[in-house]
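**Student:** Any chance you can model this:
(chains A and B)
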Amino acid sequence: MTSDLQSFLFGRLTWADFVHDPVMAASGGIMVVGLLGIIIGLTYFKKWKWLWKNWLTALDPKKIGIMYLIVSGIMLLRGFMDAVMVRFQQATNDSLGVLSSDHFQQIFSAHGSIMIFFVAMGVIAGLFNLIVPQQIGSRDVAFPFLNSVSFWLFVAGMIIINAPLVVGEFSNAGWLAYPPLSGLEYNPGTGVDYWIWSLQVAGIGSLLTGINFFVTILTMRAPGMNMMKMPIFVWSVLGSTALIMVVFPILTATLAMLSLDRLIDTNFFTTGGGGNPMLYINLIWAWGHPEVYILVLPAFGVFSEVVATFSKKRLFGYASMVWALMAITVLSFTVWLHHFFTMGAGADVNTFFGIMTMIIAIPTGVKVFNWIFTMYKGRVTFATPMLWFMGFVVTFTIGGLTGVMMSVPAADFQFHNSLFLVAHFHNMIIGGVLFGVFSAFSYWFPKFTGFRLNERLGRYAFWCWLIGFIVAFVPLYILGFMGAVRRLDHYDPSMGWQGLFIVAGIGVMLIGVGVVFQIVQVIVSIKQRHQNRVGNDPWDGRTLEWLTASPPAEYNFATIPTVSTRDAFWEMKKTHTLPKDTDVEAIWLPKNSANGVVIGIASLAFGLGVVWHIWWVVVISLIIAIIAIIVKLTDDHPDRQLSAKTVARMAHEYTLKENHG
Amino acid sequence: MSRAEEEHAIVQRKSLGFWIYLMTDCLLFASLFATFAALRNNTFGGPSGADLFDMQFVLIETMVLLTSSFTIGMAVLGASRGYKKQALIWLIATFVLGAIFLAMELFEFHALVEEGNGWQRSAFLSSYFTLVATHGLHIAVGLLWIIVVTIRLWRFKFKHTDLHRLSLLGLFWHFLDIIWIFIFSFVYLIGGMS
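**Tutor:** Numbers count the residues shown, from 1 in each chain, chains lettered A, B, ... in the order given. Now for the predicted structure:
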């Protein structure tokens, strides 16, 4: 084969790109074997058709939500393995020589990118899908097909970020890929391109999710539910989606410019040619700081629901909670520069952003007090969701305090780039977002499966996570004070850091035990599902999602409820005005669509094509994606009807099931 | 809610969603404008806007695009009153004007690259090309959309969903016009002065 033809067909891809060092080859091998296992299993049990019809092409947000959670769960394991390797490297201080510096850099870059984009973003998108339509008394989201496209773009991005385990290398430029390190000059390989296109594809999916749920909340609420009667979780999603819509376009533009620098030699962020790397850092944090709030606002929403339910009380200070959420939403745009105080923007600018950072702590503090006052004089039951909340209040408040410490620009010159910072943001993301997601998982699990999770194993998992978390991250605060910077693959033994790094490693192992308990918990709960069956309302809930069947019918509500107060379901139970499905009408639901899957696959091929400079793949996948979009948008019959008779029969069956267990 | 009411609600929801999409697109452009503002003096010893831009050419380009905003407005009006032939003619006129605009832009780019003033030359030219070409890419998407809508109007009867799609296309096209006015003012007029 001539080299011209070869480079046309395969771009810069060669056999050598499939060769990896043993550690990476092993993880790549495990992934490939796992995939093959799934494929063989599906073929053997003849489940392909079932999978395709019931899940992959489904437009039902409940199914899309569950798929989001499964993908994010797997990615959590991947990201966690990366964390274990980082901890192992630093605890042993490279004495075993397992990881090369370059591989170590790839690992922490992958850990950060995967945890934010494919775990945190994935789980909150899953929660949006599962909970929002139920809580606002709706049958669907505003744009069901767009929702499917979002999910498949997320999956495509996920595959692109995992592909380097098999072919090529991953970015070694950290989770935000600062230029000029991420520029062509210092990083000519495929790593940064993988990073860019994974985030670009998944990011567009997130943007579409944001638009979708924003419109859903604004236009599809049950009659009577005005804005100030919405559950707080819905408010938090409204804030989160508003942030997504404002900042994800910035991410798209920024990644596109970095990519142009690498593909066609533009000079946006290069050091020669008049480029300005600081511009990238401003742009990426103008997205990146609000991104933190995109993730944590829904967690606040979850806790607001959980605390009220398990305290058997109406949430303390509903209006102040709403105002606090909205204040955080707006203020989160005014703090991005605190990520680079040391870059020399000048005393005035630093002071402004320092003060804004302190101010944003105030509405967050308001929320913490609201939750605690909700518990005050309540009849509190400490089920697992509530335990996660208690863990959250402690860890999140500590993280908040260390954040305020860093908001002082003068002090930040010391903390900057140290492990103190690493400990701080893990306090927010694990203690805030992840605990919130775990709380949500155990709280809403019975709604979507019809049975409860095993409480005892849940409690074990919680304590392992909480103690493991403290043991893993308190040493990092101390190490930060001792001068240890982040991203160290090796340090001089005379620094005296190793003991604390070993403690941190033990903490991560404890978290690992917690993860094992969580996996066992799910397996055991599925096995014991017949003992643990629950009705529609296992926790004596307050909001509309507990009105639907567990698991909900595909139409959620046979009769759309009319809302007159906050905590609408609680009110209906007390006044015995639960809606009766006596006079149901025909319901229209979207038909399944394969186009979302096709667009996802085309985006995957597009991304990989750009990474490897295989331009014919890029062109063909683009054409396929455009055709798939046109075909779907010009479909005149996207909906199917459930006749009034069918709905009446289904509703009757659900009522029988609820009344007779 | 009856099916007719529901369909009406769906159309309204799509309008709201499309408006919001346009606003997010506006922010994408805002990021590129900000980048242009930050980099426009970084000519790295190369030519500045004043050396490069042919204002008469750009003015003609602008007039072509503004006229196309008028023609698509006529198409939307004609379609909403049920004048199929009128709608089709105005749509085709819009397509032709859009295509002329795009061709002129590509011609301008080509001339710049030929003179050795491509996007690699300096950060100023990188941001200039990216901003203007992103708008051009949107115009190209708009042209594709016009083709699809035209075929549907020509082959099928008017459906309210088609009318709605046509009105969204109109919105998209006007939006691109507004973005172009900003490009014309900030990139060409102000950028061409210094």
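**Student:** show me what contacts A:R78?
**Tutor:** If you count contacts by CB atoms under 8 Å, 6 or more residues apart in numbering or on different chains, A:R78 has them with A:114, A:162. For every residue, glycine as well, the C-beta is placed using N, CA and C.
**Student:** what's the distance between it and A:V119?
**Tutor:** Separation of A:R78 from A:V119 (CB to CB, to the nearest Å): 9 Å.
**Student:** Could you do A:Y178 as well?
**Tutor:** With distances taken as CB to CB, A:Y178 is found 22 Å from A:V119.
**Student:** So for the two, which sits in the more crowded spot?
**Tutor:** Each of A:Y178 and A:V119 has its neighbours counted (other CB atoms under 10 Å in any protein chain shown); A:V119 has more, 25 against 17.
**Student:** That one and A:G79 touch, don't they?
**Tutor:** Yes. Under the criterion of CB atoms under 8 Å, A:V119 makes contact with A:G79 at 5.7 Å.
**Student:** Can you pull the residues of the stretch 51-200 of chain A lying near chain B?
**Tutor:** With CB under 8 Å from any CB of the partner chain as the criterion, the stretch 51-200 of chain A meets chain B at residues A:142-143.
**Student:** so which helix or strand takes in whichever residue of the stretch 51-200 of chain A sits closest to chain B?
**Tutor:** Nearest residue of the stretch 51-200 of chain A to chain B, counting by CB to the nearest CB: A:A142, 5.0 Å away. Secondary structure assigned from DSSP states H and E places A:A142 in neither a helix nor a strand.
**Student:** Does it touch B:I20 like I think?
**Tutor:** No. With contact defined as CB under 8 Å, A:A142 does not count as touching B:I20 (10.2 Å).
**Student:** neighbour count winner among those two?
**Tutor:** A:A142 (24 against 19).
**Student:** Report the contact partners of that one.
**Tutor:** Contacts of A:A142 (CB under 8 Å, 6+ apart): A:212-213, A:215-216, A:219-220, B:13, B:17.
**Student:** What does whichever residue of the stretch 151-300 of chain A sits closest to chain B show for phi and psi?
**Tutor:** Residue of the stretch 151-300 of chain A nearest chain B, by CB to the nearest CB: A:G274 (3.3 Å). Here is the backbone geometry of A:G274 (degrees, to the nearest 10): phi 80, psi 10.
**Student:** Tell me the pLDDT of it.
**Tutor:** Looking at A:G274, its pLDDT stands at 91.
**Student:** Pretty sure B:A75 sits against B:T94.
**Tutor:** Yes. Counting by CB under 8 Å, B:T94 is a contact partner of B:A75 at 6.3 Å.
**Student:** Have a look at these two and say which one is more surrounded.
**Tutor:** For the pair B:A75 and B:T94, the greater number of neighbours falls to B:A75 (29 against 26), based on other CB under 10 Å.
**Student:** Spell out the secondary structure type for the more buried one.
**Tutor:** Put simply, B:A75 is helix when judged by DSSP: H, G, I helix; E, B strand; the rest coil.
**Student:** and it, what does it touch?
**Tutor:** B:86-88, B:90-91, B:93-94, B:166, B:170.
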